[in-house]
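>>> got a predicted structure here, sequence first:
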Amino acid sequence: MATVKGPLFSLDARGQVGGAVVFGYWKGRNYVRRHAVPSNPQSVSQVGMRVMLKFLSQIWQSRSEAQQSDWADLAAQKNISPFNAMVGYNMARWRNMLYPALLYPATEDDDVGTLPTLVATAGTRQITLTIGLTAIEQNYGAVIFRNPTTTFTPSWNNAVQVLRFESGTEKTWIDTPLAVGVEQFYMMVLFSKTGVPSAASAEDSATPT
């Protein structure tokens, strides 16, 4: 990044020119740099991390102050906020294929719900997944896994969605956009409030039209 004086025959200039260069002002100096379009990587493994991060962020907002304060000790140890402590702790668990917990530490000592049923229904460039339970017990969430071939092992690098599942016995999720005519295979795992996973559901598949 070069600093400039009198850019574009002026004393100051801001913004991009022709999608090629960007003029700006930083710490009292004008500068010019090459225009770069930010990337938005969508590899399968990156999606698996993003969906868990989104889930943790959403679940935090619904917690009471008392529940959020459960992370205060860990936050103090690391000199970070309770929110960052919760997210960091659970993302580290997720990278090791352990499921997130509502409270710290993850004791993994409660009961997860009954093994779910998962039904995939094809649509136009999409597949609708219907998830059914016969018992809720102490559920916290559900992870949906997708793979282009059958008989696969659920992993964070083939996870495509994490849903809240603290109430109700049926949920739906639409996976879109998908390539027409390419069959997709799905499984699901429930996890409890202390990080206990269920067994994986039976596979189901569908082919977008």
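Yes, it's here.
>>> care to break the chain down by domain?
2-34, 44-95, 117-206 (automatic domain parsing).
>>> need the winner for burial among those domains.
Each of these was assessed for mean neighbour count using mean count of other C-beta atoms under 10 Å. The highest is domain 117-206, with a mean of 17. For every residue, glycine as well, the C-beta is placed using N, CA and C.
>>> how far is that one from where the chain is centred?
With C-alpha atoms, centre = their mean, to the nearest Å as the basis, domain 117-206 stands 14 Å off its chain's centre.
>>> quick one: end-to-end length of that domain, please.
By C-alpha to C-alpha, to the nearest Å, the extent of domain 117-206 from end to end equals 15 Å.
>>> tell me which of the domains of the chain lies nearest to Ala106.
domain 117-206 (3.8 Å; C-beta to C-beta).
>>> can you pull out the helices in this structure?
44-61, 65-68, 72-78, 82-95 (DSSP state H).
>>> before we move on, back to that, so can I have CSV of the domains of the chain showing distance to Asp110 and mean pLDDT?
Listed next are the domains of the chain as CSV, based on distance: least, C-beta to C-beta, whole Å; pLDDT from 0 to 100:
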stretch, distance to Asp110, mean pLDDT
domain 2-34, 52, 58
domain 44-95, 15, 92
domain 117-206, 4, 92
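>>> switch the ones you listed over to a markdown table; also include distance to Glu108.
Listed next are the domains of the chain as a markdown table, based on distance: least, C-beta to C-beta, whole Å:
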| stretch | distance to Glu108 |
| --- | --- |
| domain 2-34 | 49 |
| domain 44-95 | 10 |
| domain 117-206 | 5 |
